[in-house]
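Enquirer: Provided below for reference: sequence and predicted model.
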Amino acid sequence: MNTQTLSEKLELIQWLSTLEDTSIIKKLIQFRKEETKDWWDSISEEEKMSIEKGISEADNDQLKPQSEARKLYGKWL
């Protein structure tokens with residue numbers, strides 16, 4: 001973590017420790033809850049099926065070599 005980020009975090013902590021407006025506190029708590037939701041719930045069914053297929057293939061030792069993956073996905077790696 002760089003010093004700018006650390007400084008910003010400390011500034012937020014200081015601000016939070018003096019905050020008395022309950023509506024802002026409630027909004028911040030709601031924001032935190034939404035930010036910590038499981039990413040699985042926010043992806044499409046197609047993405048879920050693709051991930052589950054990959055896990056199944058891995059569990060059944062049906063993996064492809066990395067060289068093959070690089071050929072297919074190299075431009076994104």
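Expert: It's in. Everything quoted here is computed from the prediction, not taken from an experiment.

Enquirer: Look up how far E47 lies from the residue nearest the centre of the chain.
Expert: A centroid search over the chain (C-alpha atoms, centre = their mean) returns W39, at 6.3 Å, as the residue closest to the centre. Distance of W39 to E47, given as C-beta to C-beta, to the nearest Å: 10 Å. Every C-beta, even on glycine, is put in place using the N, C-alpha and C of the backbone.

Enquirer: does the residue of the chain positioned farthest from its centre sit in a helix, a strand or a coil?
Expert: Here the centre of the chain is the reference, and by C-alpha atoms, centre = their mean the most remote residue is E20, at 30.4 Å. The three-state assignment at E20 reads coil, by DSSP: H, G, I helix; E, B strand; the rest coil.

Enquirer: Retrieve the pLDDT associated with it.
Expert: Looking at E20, its pLDDT stands at 93.

Enquirer: need the helix or strand of the chain with the lowest average pLDDT.
Expert: Lowest by mean pLDDT, DSSP states H and E among the helices and strands of the chain is helix 66-73, with a mean of 86.

Enquirer: Let's see that one as PDB, backbone CA atoms only.
Expert: Coordinates of each C-alpha in helix 66-73 appear next as PDB, following Å, rounded to 0.1, in the frame of the first residue of the first chain:
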ATOM      1  CA  GLN A  66      -0.900 -24.100 -20.500                       C
ATOM      2  CA  SER A  67       0.500 -23.800 -24.000                       C
ATOM      3  CA  GLU A  68      -2.900 -24.600 -25.400                       C
ATOM      4  CA  ALA A  69      -4.500 -22.000 -23.200                       C
ATOM      5  CA  ARG A  70      -1.900 -19.400 -24.300                       C
ATOM      6  CA  LYS A  71      -2.800 -20.000 -27.900                       C
ATOM      7  CA  LEU A  72      -6.500 -19.400 -27.200                       C
ATOM      8  CA  TYR A  73      -6.300 -16.600 -24.700                       C
END
